[in-house]
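> coordinates only, sequence not included:
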């Protein structure tokens, strides 16, 4: 009897411990377990809640740019924009969370009609669980343009923590401030991450080639694909709005 008791008691304790661990790991209703998720800050894909009346006076919103996808991890929000109107030279995206807010600008200098681009927003304070996005401001200029060096190579690191490759300036003129903007997507085509890097060298003569290495924050959902968008200026110098 004593031997049986010594065997059963540890077994029962083990079963109870495993049961408690399973209950603790059970997701809340509506939360899908997609990829490895941290216990406190899961990435959230929410229906986009857009604000029609959050535009500062002096700006020129006209429905040109729309938010088509977004994701958040409690620390950052990544939004994918689509320009369905005329060329935009500045777009501001505002984020409101349950405990704070933030704003971000696209990493490209000019967004042409039909193009998509990404925005990374860092609201404050952190550790929020929900958010609302809005296009806070748009400035349009039908005659504006940006130089777009050709993407020659592209490599997505195995862990999805960086994107590297090369670009070539196929224009007849030289360009300055060349950069590569990388957006990561999961298997379903949802945005996962977004950042950029300055091309080295950042000034490229006609047919010149430069390289880039975009460091990305750790991904909660493992990305399966990446897109690279380039941005540069034909001569001149501008100030970066976001890092």
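Okay, I see it. These numbers come from a predicted model, not from an experiment.
> tell me the mean pLDDT over whatever helix or strand residue 178 lives in?
Counting by DSSP states H and E, the element that carries residue 178 is strand 176-185. Along strand 176-185, the predicted confidence averages to a pLDDT of 94.
> and it, which strands flank it?
Its sheet considered, strand 176-185 pairs with strand 191-198 (antiparallel), strand 225-233 (antiparallel) by DSSP bridges.
> the inter-axis angle of the next helix-or-strand element following the shortest one versus strand 191-198?
Going back to what we said before, that points to strand 191-198. Proceeding C-terminally, strand 191-198 gives way to strand 209-215 as the next helix or strand, assigned by DSSP H and E. Strand 209-215 runs at 130 degrees relative to strand 191-198, counting by axes from the mean of the first three to the mean of the last three C-alpha atoms, to 10 degrees.
> and strand 209-215, what other elements does it pack with?
Helices and strands in packing contact with strand 209-215 are listed as strand 162-168, strand 176-185, strand 191-198; criterion 3 or more C-beta pairs under 8 Å, 6 or more residues apart in numbering; DSSP states H and E. Heads up, the C-betas are built off the backbone N, CA and C, glycines and all.
> Where does the prediction get shaky in this protein?
Scanning the chain with the threshold set as pLDDT under 70 gives 1-62, 236-243.
> all helices for it, in order.
In chain order, the chain shows helices spanning 2-25, with DSSP state H as the criterion.
> ok, back up a step: hey, which of the strands paired with strand 176-185 is tucked in deepest?
strand 191-198 (a mean of 23; mean count of other C-beta atoms under 10 Å).
> Report the angle between it and strand 162-168.
When the same axes, to 10 degrees is applied, the directions of strand 191-198 and strand 162-168 differ by 50 degrees.
> I'd like to check which residues are in contact with residue 89.
109-111, 139-141, 144 (C-beta atoms under 8 Å, 6 or more residues apart in numbering).
> From the residues you listed, list just the buried residues.
109-111, 139-140, 144 (16 or more other C-beta atoms under 10 Å).
> Restricted to strands, list the residues you listed.
Among the buried ones among the contacts of residue 89, DSSP state E puts 139-140 in strands.
> Determine which two of the buried ones among the contacts of residue 89 are furthest apart.
109 and 140 (14.0 Å; C-beta to C-beta).
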